[in-house]
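> pasting the sequence and the predicted model now:
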Amino acid sequence: MRTSAELLQPLPGVIEPRWWTGMPALPAESFTIDCAGYAMDAGDLDRDGELAQRMNTLFDEIGLVFLVNTRLTDLSSMREFAKLVVEHEMRYKGGANPRDNLTKSVYEVGAPLEAWLHYHHEMAYVGHSTRMLGFLCHKALPDRGYTFVSDNLRATDAILDTEFGRKLKRLGICYHRNLTDREAYAGTDQIGVYNHWQKSMLTDDPDEAIAMARSRGLEAEWGPNRLLKTRYYVSAFEYFPQLDRNLLYSSVADDGMWFDSWPKVMHLPYEERPLKLTFGDDTEMTREEKQLFVDVYDRFGIPIPWKAGDIAVVCNYRFAHGRPGIHLEDGEERELGVVIGESFERIGDLPDKW
């Protein structure tokens, strides 16, 4: 049995992401809008106004918009400006992370600050994903706590140049997910818990929960102690209509590696962790293949250095996102709100769009 202190230490041999090379894959000025010259009131929320046009032009051309010097202090106001691009929001239902609402239609990140979050594309593990995300910085740290995004156009080209990438293209992938039953853990410290199916599926009814899982394109069945076990077989890539090409749309974030620095879960052997990623024929990925999967996103990383009031809107096709673990000192706070954009039904890759 590992001690309490040992439960906070990653298991030996874990693959820790590097996030970037030290040089951003895109210069910050190419996607940043300084809002110091705007009033940031109702007049700037006009969809035909200058700020909205600048934001949407940047998003269409690059897939990334970063508003700085907004002077906004509450999440509701930040959400209104994010919605100049994120016009249609979706409800986070069937997702993996245990998210709560911070305010109307603004979710918490749904992960412990101490855990590093591998690069990932939001909701790639279900049949209905999202086109874009908005991140709203409510509280920031002066020198750390950055989010990172990775240029997925270049990551796609790079991985397809490898035998591993060609294997992903040929075999596809399977997402294995185990969601615990909240009632089975009532009154406990919830050691080993990632997310309960009640929170993921937004219902306490097991029949509704399994129906919701299946409506999201998942194979689903009940395990011991009402453990909801799901599988999703799909391409590791997704066709992106705007660029008329297939893009990488998967990462190790949906493997047991997601929990390598996650308190109360990282002590579990990999075979007991709530997530697992395999090739589409159910064969395992090697450690070397997983290392390459991490490295290819790290090569094209870009830091987003938060200050309170900053807003970032990120295309979920063109960029993956993640962050290092964050350890707060006394008196420090760091809080991001998340706005989830319009959903789309995954189709995987198209054969003639490579």
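It's in.
> flag the shaky bits of the protein, pLDDT-wise.
Within the chain, the stretches with pLDDT under 70 are 1-12, 89-105, 108-110, 189-192.
> so what's the most centrally placed residue in the chain up against?
By Cα atoms, centre = their mean, the chain has its centre lying nearest to residue 122, at 4.0 Å. Contact analysis of residue 122 by Cβ atoms under 8 Å, 6 or more residues apart in numbering lists 129, 130, 133, 316, 321, 340. For the C-beta atoms, the positions are set from N, CA and C on the backbone; glycine is no exception.
> wouldn't the last one be in contact with residue 107 here?
So the one you mean is residue 340. Yes - with contact defined as Cβ atoms under 8 Å, residue 340 reaches residue 107; the gap is 6.8 Å.
> between these two, which has more neighbouring residues?
Neighbours per residue (other Cβ atoms under 10 Å) separate residue 340 from residue 107, with residue 340 holding more: 23 against 19.
> can you show me the helices along the stretch 101-250 of the chain?
Secondary structure of the stretch 101-250 of the chain (DSSP state H, counting those that start in this stretch): helices at 152-160, 163-171, 197-201, 206-215.
> which of these sits closest to residue 137?
Judged by Cβ to Cβ, the one of those that comes nearest to residue 137 is helix 152-160, at 22.6 Å.
> show me what counts as buried in the closest one.
By 16 or more other Cβ atoms under 10 Å, the buried positions in helix 152-160 come out as 152, 153, 154, 155, 156, 158, 159, 160.
> just the residues you listed now: which is nearest residue 42?
Nearest to residue 42 among the buried residues of helix 152-160, with distances taken as Cβ to Cβ, is residue 152, at 34.9 Å.
> contact partners for the closest one?
Shown in contact with residue 152 (Cβ under 8 Å, 6+ apart): 121, 247, 248, 300, 317, 318, 319, 320.
> buried among the residues you listed? Need that as a selection in PyMOL.
Selection of buried members from the contacts of residue 152 for PyMOL, criterion 16+ other Cβ under 10 Å:
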select buried, resi 121+247+248+300+317+318+319+320
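> now the contacts of residue 152 as CSV including distance to residue 286?
Formatted as CSV, the contacts of residue 152 follow (distance: Cβ to Cβ, whole Å):
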residue, distance to residue 286
121, 22
247, 24
248, 19
300, 23
317, 28
318, 28
319, 27
320, 21
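> on that earlier part again, and the two most separated of the contacts of residue 122?
Maximum pairwise distance among the contacts of residue 122 (Cβ to Cβ): 13.6 Å, between 129 and 321.
> which of these two has more neighbours?
Under the criterion of other Cβ under 10 Å, the comparison of residue 129 against residue 321 puts residue 321 first, with 25 against 21.
> what sits closest to that one if chain neighbours are left out?
residue 149 (4.9 Å; Cβ to Cβ, 6 or more residues apart in numbering).
> and the one you found, what does it touch?
For residue 149, the contacting residues are 64, 301, 302, 304, 314, 319, 320, 321, by Cβ under 8 Å, 6+ apart.
> same question, residue 325
Here residue 325 is in contact with 113, 114, 115, 116, 261 (Cβ under 8 Å, 6+ apart).
> out of the residues you listed, who has the most neighbours?
Within the contacts of residue 325, residue 261 tops the neighbour count with 22 neighbours, counted by other Cβ under 10 Å.
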